[in-house]
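**Q** What follows is a protein structure lacking sequence information:
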């Protein structure tokens, strides 16, 4: 990270955000690796926040197909029920998606800010884990839609 809030132009951030979301939806691991590398290498904090939010949105939309969403206006929230056996990167991904699903912008920003200060390889791995988690949610939702049965 370069230490600046924005390091990429808005157009470049938009490109990598769209490309990251598409890689997740398509299950394109090679493209996901490229996105994670480019964003981790050249992105400032706000660039990372934008890309992470875009990828998290794919997961949240899929989770809304798989589970009845809580009514956030009535104080209900998405919660983590089990993280047993999860690696730190996987736990980060689930926490970020949960915060995003609950519209907790402060927590999303705090989680990404912590990653932004990490070494580049950790930034790459955190985004890869988020993309893998989102891809899994998306695939389960697609299966649920096509088969009409919920999977765990």
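**A** Okay, I see it. None of the values given here were measured: they were computed from a predicted structure.
**Q** show me the residues around residue 86 that make contact.
**A** If you count contacts by Cβ atoms under 8 Å, 6 or more residues apart in numbering, residue 86 has them with residue 94. Just so you know, the C-beta spots here come from the backbone N, C-alpha and C atoms, and that holds for glycine as well.
**Q** Could you pick out the longest helix of this structure?
**A** Using DSSP state H to assign secondary structure, the helix with the most residues in the chain is helix 120-147.
**Q** Counting by contacts, list what that one packs against.
**A** helix 10-26, helix 29-42, helix 45-66, helix 88-101, helix 105-116 (3 or more Cβ pairs under 8 Å, 6 or more residues apart in numbering; DSSP states H and E).
**Q** Any idea how many residues pack against the residue lying closest to residue 33 once chain neighbours are set aside?
**A** Distances taken as Cβ to Cβ, 6 or more residues apart in numbering put residue 128 closest to residue 33, at 6.9 Å, once the chain neighbours are dropped. Neighbourhood size, residue 128 [other Cβ atoms under 10 Å]: 19.
**Q** Touching, residue 128 and residue 32? I think so.
**A** Yes: counting by Cβ atoms under 8 Å, a contact exists between residue 128 and residue 32, whose distance comes to 6.5 Å.
**Q** okay, the angle between the longest helix of the chain and helix 105-116?
**A** 130 degrees (axes from the mean of the first three to the mean of the last three Cα atoms, to 10 degrees).
**Q** Provide a list of residues in contact with the residue most central in space within the chain.
**A** The centroid of the chain falls nearest to residue 56 when counting by Cα atoms, centre = their mean (3.3 Å). Residues in contact with residue 56 (Cβ under 8 Å, 6+ apart) are 96, 97, 100, 101, 108, 130, 134.
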